[in-house]
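here is my input; please provide its structure:
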Amino acid sequence: MNAFAEALAVLHADPNLGEDAVYLPPGNGAPVPCRVLRRQPDPVLDLGQHHVRQAGWVFEIQVAEVASPEKGGQLQLAAGAREIFDVQLDEAMLSHRVSVR
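Numbers count the residues shown, from 1 in each chain. Below you'll find the model as predicted:
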């Protein structure tokens, strides 16, 4: 584990930043407990003459906990389950940015 992965693990473990979740893969896959960081992006993207509203939340999940989350899966949180509609791997390949509805 490199220094960046160790720092990311500390952030996820912090009770003020991270929260417990369970990744539920689409279909009948086994549930995977994990810690997530919750982010709420800016709700409106300005694209010149067009404005796009970005709905939902974005969660960061460590690759070490969930190797490859999939669209159509769910994140089970204390507030209920949220469907995953987008997954992006970060540049350092240490965490996934998962957008949910």
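
quick check: beta-bridge partners of the residue lying closest to Ala13 once chain neighbours are set aside?
Distance criterion CB to CB, 6 or more residues apart in numbering; nearest residue to Ala13, sequence neighbours excluded, is Arg35 at 6.6 Å. All C-beta spots, glycine's among them, are computed from the backbone N, C-alpha and C. Note on Arg35: beta-bridge partners by DSSP bridges are Asp20.

burial count for Arg35?
Neighbourhood size, Arg35 [other CB atoms under 10 Å]: 20.

again, but for Val87
When neighbours are counted by other CB under 10 Å, Val87 comes out with 16.

quick one, what contacts it?
By CB atoms under 8 Å, 6 or more residues apart in numbering, the residues touching Val87 are Pro69, Glu70, Lys71, His96, Arg97, Val98, Ser99.

one more pass at 7 Å, please.
Going by CB atoms under 7 Å, 6 or more residues apart in numbering, Val87 touches Pro69, Glu70, Lys71, His96, Val98.

quick one: it is in a strand?
Yes. Counting by DSSP: H, G, I helix; E, B strand; the rest coil, Val87 is located in a strand.

that one and Ala3, how far apart?
25 Å (CB to CB, to the nearest Å).

report pLDDT for the residue nearest the centre of the chain.
Nearest to the mean C-alpha position of the chain, counting by CA atoms, centre = their mean, stands Phe59 at 2.8 Å. Phe59 is assigned a pLDDT of 94 by the prediction.

before we move on, what about Arg101?
81.

state the distance from the spatially closest residue to it that is not a sequence neighbour to Ile84.
Of all residues not flanking Arg101 in the chain, Gly56 sits nearest, at 4.8 Å (CB to CB, 6+ apart). Here Gly56 is placed at a distance of 10 Å from Ile84 (CB to CB).

hey, what's in contact with both of these two?
Val100.

more neighbours, these two?
Ile84 (24 against 16).

OK, contacts around the more buried one?
Per CB under 7 Å, 6+ apart, neighbours of Ile84: Pro69, Lys71, Gly72, Gly73, Gln74, Leu75, Val98, Val100.

right, I'll call it a day here.
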